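Visitor: the following comprises the amino acid sequence and a computationally predicted model.
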Amino acid sequence: MTLMSFAVRLRSRAHFSLKQKHARSGHIIATSGLRRRRSRHRLGMMMVAFMAMYVTVAIRLVHYGLKEPELTQTIGNNRPVLASRPDILDRNGEVLATDLEMMSLYAEPRRIVDADEAVEKLNTVIAGLDWAETHKRLRSDSGFQWLKRQITPRQQAAILELGIPGIGFRPEKRRFYPGGPTASHIVGHVNVDNQGLAGMERYLDQQGFTALRDAGMTADVPLEPVRLSIDLRVQNIVRDAISRAMRDYQAEAAGAVVLDVTTGEILAMASVPDYDPNEPSRTLPDGRIDKEYEKGWFNRMSNATFEMGSTFKSFTLAMGLDAGKITLSSVVDASQPIRMGGFTIKDFRGQNRPLTIPEVFQYSSNIGTAAVADKVGVEGHQAFLTKLGLLSKMDTEMPGVATPTQPRNWRKINSVTISFGHGVATTPLQTAVAAAALMNGGYLISPTFIPRTPEATKVFAKQVIQTKTSADMRYLFNWNGQNGSGRSAQVAGFNVGGKTGTADKVINGRYAKDMNFNAFLASFPMDKPQYVVLSIIDAPLTGEKGGRQAAFTAAPIVREIIARAGAMLGVRPRFGPPEKPQLIIDY
């Protein structure tokens, strides 16, 4: 090999090595670039991931910031927790119902450390705590649980000293009734959420108060008090009188109402058994609800119907007088019982002779009253009672008013028995309202538990009988008060007139011969009646002088009410010789 060829080969190898070296260098550079691109890509992905995480956290924080607290959500957004109710006052401004600030105990179960220990500690403060139920609530997965509504300040302080994590207090309103059961059936009561359940409390909710509460407009705004027509003083007397009668006469129930005949205002109304609206339900020692106590919710004056017995004779005679079929000097034959459709109509203490209309009223003659109804006729009889509002549901503010019952098809026998108070069942309150029309000049006025002026009354008043008929009925009421069964309700100086009603009690659709439902329908003072007073007593076992009839049971209730409340009602007693005739004033 020559030197030249060796040099050429050496250059070729060097050139080849250089090319290889350049190739390897390029490959290294390319690989390094790829790695850098991959690193930047991973870094970008990580940055995007972190940014997404931070954005998610930020969104959640904004969401939680705008979101209602879980506590409020659990309680419910459909009403403000601090919802207030207006005070309820009597006509003189005495408080019948008001709100008190209270605290309620709640738990946040997710923050409870030891449910068993919490229950044990709470039981030392809250008597009768339901261990199983409380433990269940504390172990739940919810964010909020009520434990005890409306606790006392002393209980709140004691629970605070226990230092239980996850336990808190929430301010609430509690309804308080200073008079207790005195006017329970009129005022009614509320539930634990301050929502009206009965009486005028429920009426307020029905008039739009619920909508205001749901709209959050009753939380911290002072509400105008609601004034009722009742007089708390008279109300207390009425309840006391019927409670004593129920006890003394060993009756199942009793009731009474005092009604202004010129305005339709109810001054007092009570029914016993009753209840304390501060404690509408009671729990027995074994934890069951006392159902016997809850029977006191039943208001017999407006939420129940009864056959009102001989008090209906007032309407039958008014019907005959208004139709011109009889006058006060008319005579009807009551010498023989009436036999009709397999029934015999007879008098309890019959005189067995023809009777004048005042005597028919005085001796409470079934035969004489049936004769008057027969003169008017079946259709006229039904139309007259309808006109007086005795066959239809009464229009008033009190919720739950009962609807009267009557025969599906009126026949002559129905008209005869209804004439003396059997066969139609109506509420005692609307019986008093219809009687007011007999006393006030003939105007039917819807009853009200809200104050009403005489001027406003003209809008509601509807003349249903002639003025002359009303004057004749005042004469009959006065006559019976002086000479008949109404003497049992007479109060010196107040000139009470009225009509007794003794009916066989209806039990399971049958008349019980040994049990009565008694009523006394009265008005005073009879020279110019201002008030109607109606009393009822259900199934008395005894009465004054041992009698079970209305004259010995229902009439004495009215006597006590008028004797104690007459002056409070603004009636000035008048005294004079008993032989002095009473002046019956036309309206």
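Guide: Ah, there it is.
Visitor: could you check the pLDDT of Lys19?
Guide: Listed pLDDT for Lys19 reads 51.
Visitor: quick check: what element follows the helix or strand bottoming out on mean pLDDT in the chain along the chain?
Guide: When each helix and strand of the chain is scored by mean pLDDT, DSSP states H and E, helix 70-75 comes last, with a mean of 40. Heading C-terminal from helix 70-75, the first helix or strand you meet, by DSSP states H and E, is strand 88-89.
Visitor: list the buried residues of the next helix-or-strand element following that following strand.
Guide: Using DSSP H and E, the helix or strand that directly follows strand 88-89 along the chain is strand 95-107. If you call a residue buried by 16 or more other Cβ atoms under 10 Å, then strand 95-107 has these buried ones: 96-99, 102-107. Yep, even glycine has a C-beta here, placed from its N, CA and C like the rest.
Visitor: those residues: which two are farthest apart?
Guide: Using Cβ to Cβ, the buried residues of strand 95-107 span at most 35.4 Å, a distance reached by Leu96 and Ala107.
Visitor: least confident pick among the buried residues of strand 95-107?
Guide: The member of the buried residues of strand 95-107 with the lowest pLDDT is Met102, at 82.
Visitor: isn't that one right up against Lys148?
Guide: No - using Cβ atoms under 8 Å, Met102 is not in contact with Lys148, being 10.8 Å away.
Visitor: so who does Asp374 touch?
Guide: 412, 415-416 (Cβ atoms under 8 Å, 6 or more residues apart in numbering).
Visitor: ok, now with 10 Å
Guide: With contact set as Cβ atoms under 10 Å, 6 or more residues apart in numbering, Asp374 has these partners: 320, 325, 332, 338, 340, 381, 412, 415-416, 419.
Visitor: wait, a helix at it?
Guide: Yes - assigned with DSSP: H, G, I helix; E, B strand; the rest coil, Asp374 falls within a helix.
Visitor: gap between it and Ile289?
Guide: Counting by Cβ to Cβ, to the nearest Å, the separation of Asp374 from Ile289 is 52 Å.
Visitor: cool, and Val401?
Guide: Val401 is 26 Å from Ile289, where distance means Cβ to Cβ.
Visitor: the more surrounded of those two?
Guide: Neighbours were counted for Val401 and for Ile289 using other Cβ atoms under 10 Å; Val401 has more, 19 against 11.
Visitor: how about the secondary structure of that one?
Guide: Per three-state DSSP, the local secondary structure of Val401 is coil.
Visitor: so how far is Phe384 from it?
Guide: Distance, Val401 to Phe384, using Cβ to Cβ: 22 Å.
Visitor: cool, and Gly128?
Guide: Separation of Gly128 from Phe384 (Cβ to Cβ): 58 Å.
Visitor: same check, this time on Phe169
Guide: Relative to Phe384, Phe169 is positioned 62 Å away (Cβ to Cβ).
Visitor: neighbour count winner among those two?
Guide: Comparing Phe169 with Phe384 by other Cβ under 10 Å, the one with more neighbours is Phe384, at 22 against 16.
Visitor: I figured the more buried one hits Gly320, correct?
Guide: Yes - Phe384 is within contact range of Gly320, at 9.4 Å (criterion: Cβ atoms under 10 Å).
Visitor: pick out the residue nearest the middle of the chain.
Guide: Most central in the chain under Cα atoms, centre = their mean is Ala198, positioned 1.7 Å from the mean C-alpha point.
Visitor: tell me which residues touch the closest residue to it other than its chain neighbours, please.
Guide: Distances taken as Cβ to Cβ, 6 or more residues apart in numbering put Gly188 closest to Ala198, at 3.7 Å, once the chain neighbours are dropped. Contact analysis of Gly188 by Cβ under 10 Å, 6+ apart lists 88, 97, 175, 177, 196-205, 277, 280, 297, 299, 398-400.
Visitor: what's the answer for Val125, then?
Guide: 105, 148, 151-152, 154-162.
Visitor: filter these to the buried ones?
Guide: By 16+ other Cβ under 10 Å, the contacts of Val125 give 105, 148, 151, 155-156, 158-159 as buried.
Visitor: now do the nearest residue to Arg487 once chain neighbours are set aside against Val258, distance only.
Guide: Counting by Cβ to Cβ, 6+ apart, Arg487 lies nearest to Gly481, which is 6.9 Å off, once chain neighbours are set aside. The spacing between Gly481 and Val258, counted by Cβ to Cβ, is 17 Å.
Visitor: do the same with Leu390
Guide: The gap separating Leu390 from Val258 is 20 Å, by Cβ to Cβ.
Visitor: how about Lys545?
Guide: From Lys545 across to Val258, the span is 26 Å (Cβ to Cβ).
Visitor: which of those two has more residues huddled nearby?
Guide: Val258 (28 against 8).
Visitor: three-state assignment of that one?
Guide: Assignment for Val258 (three-state DSSP): strand.
Visitor: now do the shared contacts for Phe384 and Gly320.
Guide: Counting by Cβ under 10 Å, 6+ apart, the contacts common to Phe384 and Gly320 are 373, 376.
Visitor: phi, psi for Ala461 please.
Guide: Main-chain dihedrals, Ala461, degrees, to the nearest 10: phi -70, psi 140.
Visitor: is Asn488 in a helix, a strand, or coil?
Guide: That one is not Asn; residue 488 is Ser. Secondary structure, three-state DSSP: Ser488 is helix.
Visitor: next up, the contacts around Lys346.
Guide: Applying Cβ under 10 Å, 6+ apart, we find Lys346 in contact with 334, 336-339, 365-367.
Visitor: relative to Ser365, how far out is it?
Guide: Between Lys346 and Ser365 the distance is 10 Å, computed by Cβ to Cβ.
Visitor: same deal with Thr305?
Guide: Where Ser365 is concerned, Thr305 sits at a distance of 25 Å (Cβ to Cβ).
Visitor: more neighbours: which of those two?
Guide: Between Thr305 and Ser365, Ser365 has the larger neighbour count (other Cβ under 10 Å), namely 25 against 19.
Visitor: hmm, back to that, local confidence estimate at the residue nearest to Arg487?
Guide: On the pLDDT scale, Gly481 gets 95.
Visitor: check the one 10 residues further on too.
Guide: Residue-level confidence at Val491 comes out at 96, pLDDT.
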